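Participant: Prediction below, plus the sequence it came from.
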Amino acid sequence: MKKKLISVLLSTALVFSMVGCGQAENETNSTKETNTAGADSAQTEQAQAAGGAEDSLYAADAVLKLWGSQDDQEYLKEAISMFKEEYPEAAGWTIDTAVISSADAKDEVLKDPTAAADVFEFASDQLAALVDAGTLYRITNDRAAVEADNIENAVAAACIGEDLYGYPSTSNSYFMYYDKSMYTEEEIKSLDTMLAKDLGGATNFAMDLDNGWYMASFFFGAGCTLFGENGQDPTECSFNNEKGILAGNYILGLTQNPKVGNYDDTLLLSGFADRTLGATISGTWNAAAIEESLGEDFGVATFPTVTYGDGSIVQPSPIVNFNIYGVNAQTQYPLEAMLLANYLTSEKIQQLRFAERNSTPVNKNLVANKELLAASPAVATLAAQTELASTVQSSIPQIANFWSPMEAFGQDCIAGAVSEDNMQDVLDVLVQSILATIG
């Protein structure tokens, strides 16, 4: 029987590993300390009540509620069955599942934390709001293993400052799809090489050029930061520095290039279906449809490099989100909830989720297992992209100010209202809008 060493919960002075978690403190620390003091105390009291005997650390009749998306219900039932087989002490636990997606988790939890699930999956950009509201346990059970087993960006996405607030599960970002009949494997390494090619009337490349989620990759690749190095400083954005101007000018060039299309999902799927599109940037959600259209010509690759106006070759850094399993601070069974959440994000279950849901793992062993991931080229490419170059989406409330100004910037570039001559002024306004005081 596999056991977890949880004696760390009995210690009053935990030594936390810094791998993956940022070291910068921020304005939420005092709130976090207040919200988690009771959580740590509850964990210690539960463990002490067990008298130190490992087999009695967990309640024999724990009742846990687990939230997951509609599409995940079948795999979750299988995972729960595997969990109870591996942990006989959980055989008598009642684990009920309910349908709440990771995208909706924050709103549902904040409605009434006492009625929310003990364990729930949420998108990483919801982390700060959940922590500020005091609804998440600070993770102490097997923290070192969580940090050692999962890729650094995934762990960072579950952290606020030095504290870990969840167990990373999957990743979500974007990469390139291309038509192998139009490009070679050597050509798709450079976007400039791709754009120089004559495809006989087909659009060489397309992406959503007025969507900040995609456009930010050019700024991040240049070395610009949004809300500081750790994404936690609401007063900082360097998109208007010298590197930002280079990125802005490159985006402007794309919008004015007749070989480039401003395509949303509907247009890019249509482009591949009628073979009028050479390549695009998108995520795993479009993999099946694109593969069906391209057949043997279906190609996937990490984001190609770009060459900026100063001659520098830049690897764009796409925004990446992660799904994270969190433990409700209101749970009556913190140790049991952490054990379940940890198991649901273990290497074994991440592999099960990949097999059944085509989800992208964040476990280091799975990410490195090329033979395993070969079953899904899109997932394999996303995993490679996340490790090659990616920037974790900030979860602080200020991120709400990012999307509309970036959309306006893209639209102004497309409309010709932006030029290299006024790029500095335009980016200054962009940054002012992003950093404007919220409400």
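Facilitator: Noted; the coordinates are in hand.
Participant: shaky segments in this structure?
Facilitator: Per-residue confidence for the chain (pLDDT under 70) gives these ranges: 1-56, 439.
Participant: The longest strand anywhere in the chain pairs with which strands, parallel or anti?
Facilitator: Longest strand in the chain by number of residues (criterion: DSSP state E): strand 319-327. Strand pairing for strand 319-327, determined by DSSP bridges: strand 119-123 (antiparallel), strand 167-172 (antiparallel), strand 391-392 (parallel).
Participant: which other helices and strands contact the helix or strand following the last one?
Facilitator: Which is strand 391-392. Next along the chain after strand 391-392, taking DSSP states H and E as the criterion, comes helix 403-415. In this structure, helix 403-415 packs against helix 212-222, helix 242-255, helix 423-434, with contacts taken as 3 or more Cβ pairs under 8 Å, 6 or more residues apart in numbering; DSSP states H and E. For every residue, glycine as well, the C-beta is placed using N, CA and C.
Participant: Which one, of those, ends up nearest to residue 340?
Facilitator: Nearest of the helices and strands packed on helix 403-415 to residue 340, taken as Cβ to Cβ: helix 212-222 at 31.7 Å.
Participant: For the closest one, give me every contacting residue.
Facilitator: Around helix 212-222, the neighbours that count as contacts under Cβ atoms under 8 Å, 6 or more residues apart in numbering are 174, 207-209, 226, 239, 243-244, 246-248, 250-251, 281, 303, 306, 308, 314-319, 389, 391, 402-403, 405-407, 409-410.
Participant: give me that answer again for 7 Å
Facilitator: Counting by Cβ atoms under 7 Å, 6 or more residues apart in numbering, the neighbours of helix 212-222 from elsewhere in the structure are 174, 207-209, 226, 239, 243-244, 246-247, 250-251, 281, 303, 308, 314-319, 389, 391, 402-403, 406-407, 410.
Participant: what's the answer for stretch 194-201, then?
Facilitator: Contacts to stretch 194-201, defined as Cβ under 7 Å, 6+ apart, come from residues 182, 183, 187, 188, 204, 205, 257, 259, 278, 279, 304.
Participant: ends of that stretch, how far apart?
Facilitator: Across its full length, stretch 194-201 reaches 14 Å end to end, with Cα to Cα, to the nearest Å as the criterion.
Participant: Flag every buried residue along it.
Facilitator: Within stretch 194-201, the residues that count as buried by 16 or more other Cβ atoms under 10 Å are 194, 195, 197, 199.
Participant: Just send these back as a markdown table, with secondary structure and distance to residue 419 too.
Facilitator: What follows is the buried residues of stretch 194-201, written out as a markdown table (DSSP: H, G, I helix; E, B strand; the rest coil; distance: Cβ to Cβ, whole Å):
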| residue | secondary structure | distance to residue 419 |
| --- | --- | --- |
| 194 | helix | 25 |
| 195 | helix | 20 |
| 197 | coil | 27 |
| 199 | coil | 28 |
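Participant: Name the nearest of those relative to residue 418.
Facilitator: Within these, distances to residue 418 taken as Cβ to Cβ reach their minimum at residue 195, with 19.5 Å.
Participant: Number of residues surrounding the closest residue in space to residue 319 that isn't next to it in sequence?
Facilitator: Of all residues beyond its chain neighbours, the one nearest residue 319 is residue 393 (4.9 Å), with distances taken as Cβ to Cβ, 6 or more residues apart in numbering. Number of residues near residue 393 (other Cβ atoms under 10 Å) recorded here: 23.
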